[in-house]
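*Asks:* The sequence and its predicted three-dimensional model are supplied below.
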Amino acid sequence: MDYYGAITPLKKVANASTPDASTISIQPFDRGSLKDIERALNQSDLGLTPSNDGNTIRLSIPQLTADRRKELGKTVGKLAEDGKVALRNVRRDALKSLERLEKEKAISEDGLEGRKAAMQKLIDRFSKQVEDAAAAKTKELESI
């Protein structure tokens, strides 16, 4: 949120709590920032409408509809794909570093191949973890 001209995380300017399972209550440390917090929540892509009583902001979370569940499932898939892209970027950067070390004769050609194989095993393991977490969350979203 924009707090006196600086982008600031909500947790730095307010205390958030959950009085019940379907409500989020946000109480700012500075009451002057109440309108800024409300504006930031309205501009966010949360799909929730804040209600302001002058001291706190309350967000009511509606029950998930079938359409919203599908939308959230797509979001989970997108986030999982972003995670796998990040892993591929790490692998690319690590391969460049390994090849540079091999050119500088810091490691042998056999050492390079061994490290590449070990790195690929790590990338595969973490990719599997991302896929498993996404599948579990999608399954959770689909169940009522």
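*Replies:* Yep, that arrived.

*Asks:* what secondary structure does the residue lying farthest from the centre of the chain sit in?
*Replies:* Going by Cα atoms, centre = their mean, the residue of the chain most distant from its centre is Lys105, 39.9 Å out. Per DSSP: H, G, I helix; E, B strand; the rest coil, the secondary structure class of Lys105 is coil.

*Asks:* Also Glu140?
*Replies:* helix.

*Asks:* Can you report how many residues lie near it?
*Replies:* 12 (other Cβ atoms under 10 Å). To be clear about C-beta, it is placed using only N, CA and C from the backbone, and glycine gets the same treatment.

*Asks:* ok now do it, which residues does it touch?
*Replies:* By Cβ atoms under 8 Å, 6 or more residues apart in numbering, Glu140 lies in contact with nothing.

*Asks:* Ala40 now?
*Replies:* Here Ala40 is in contact with Met1, Asp2, Leu10 (criterion: Cβ under 8 Å, 6+ apart).

*Asks:* Most neighbours out of those, which is it?
*Replies:* Going by other Cβ under 10 Å, Met1 tops the contacts of Ala40 with 19 neighbours.

*Asks:* Quick check, pLDDT for that one.
*Replies:* The score at Met1 is 77. That number is its pLDDT.

*Asks:* Please apply the same query to Asp93.
*Replies:* pLDDT, read off for Asp93, is 95.

*Asks:* And for the one 5 residues further on?
*Replies:* pLDDT recorded at Leu98 is 89.

*Asks:* Can you report phi and psi for it?
*Replies:* phi -60, psi -40 (degrees, to the nearest 10).

*Asks:* With the one 10 residues further on instead?
*Replies:* Here the main-chain torsion angles of Ser108 (degrees, to the nearest 10) amount to phi -80, psi 170.

*Asks:* how close does it get to Leu95?
*Replies:* 16 Å (Cβ to Cβ, to the nearest Å).

*Asks:* of these two, who's got more company?
*Replies:* Leu95 (15 against 10).
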